[in-house]
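**Q** Got a predicted structure here, sequence first:
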Amino acid sequence: MRIFVFEFITGGGWHSIDPEPTPSGSLLLEGRAMVESIAKDFAAIEGTHVVRLVDARLNGDGDSPGEFKAILGADELRKQFADAAANADFTLVIAPEFDDHLLDFAELAIKSGGTLLSPSPGFIRLTANKHRTAQWLANARVPVPHGLLLSPGETVPDDSETNRWGRFARCAARR
């Protein structure tokens, strides 16, 4: 069985955000930890071959097993991703939700003929937005906390349920 494991930061996705600086910091550390752990777990399954994309600017590919394809830029990333997804039995996508990166790569995997192990694009569309998820759950009669959707710079109205609970929490915290 061939498994394609793609992690956005270590797999070259940073090229699409900013082609100049090499990824660093907590996103890189967390991304590397996730992808290496998952790759090792899959590789431990007899008969499983793991394929990964690796940003060529990073030092090495960690110590996880499998096949690695170096990514040199954003254009190459999409082509290599589509090829790896099409040639794998299953694809697992790990990517941040901001700017629809997770949704974009999940859709690309499917368009390329891949089979996702990770959530479907429809599930990602729903759950990447907390307010939309809460509305969907409430419509399904699942109890959810009261929420309020605000635009940037907008403040919580004094008479809202959300503001009353916020004042209560602040008072309780002072005691």
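**A** Everything's here; your move.
**Q** And for A44, the neighbour number?
**A** 9 (other Cβ atoms under 10 Å). All C-beta spots, glycine's among them, are computed from the backbone N, C-alpha and C.
**Q** Repeat that for G153.
**A** 5.
**Q** In three-state terms, label it for me.
**A** At G153 the chain is in coil, as set by DSSP: H, G, I helix; E, B strand; the rest coil.
**Q** what pLDDT does it get?
**A** Looking at G153, its pLDDT stands at 85.
**Q** now do L58
**A** Per-residue confidence (pLDDT) for L58: 84.
**Q** Same question for C171.
**A** Looking at C171, the pLDDT reads 44.
**Q** got a list of contacts for the longest helix along the chain?
**A** With secondary structure taken from DSSP state H, the chain has its longest helix at helix 25-43. Helix 25-43 is contacted from outside by 3, 5, 7-11, 23, 48, 50, 52, 58, 62-66, 92, 94, 96, using Cβ atoms under 8 Å, 6 or more residues apart in numbering.
**Q** Can you turn the buried part of these into a PyMOL selection?
**A** Under the burial definition 16 or more other Cβ atoms under 10 Å, those of the contacts of helix 25-43 that qualify are selected in PyMOL by:
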select buried, resi 3+5+7+8+9+10+11+23+48+50+52+58+62+64+65+66+92+94
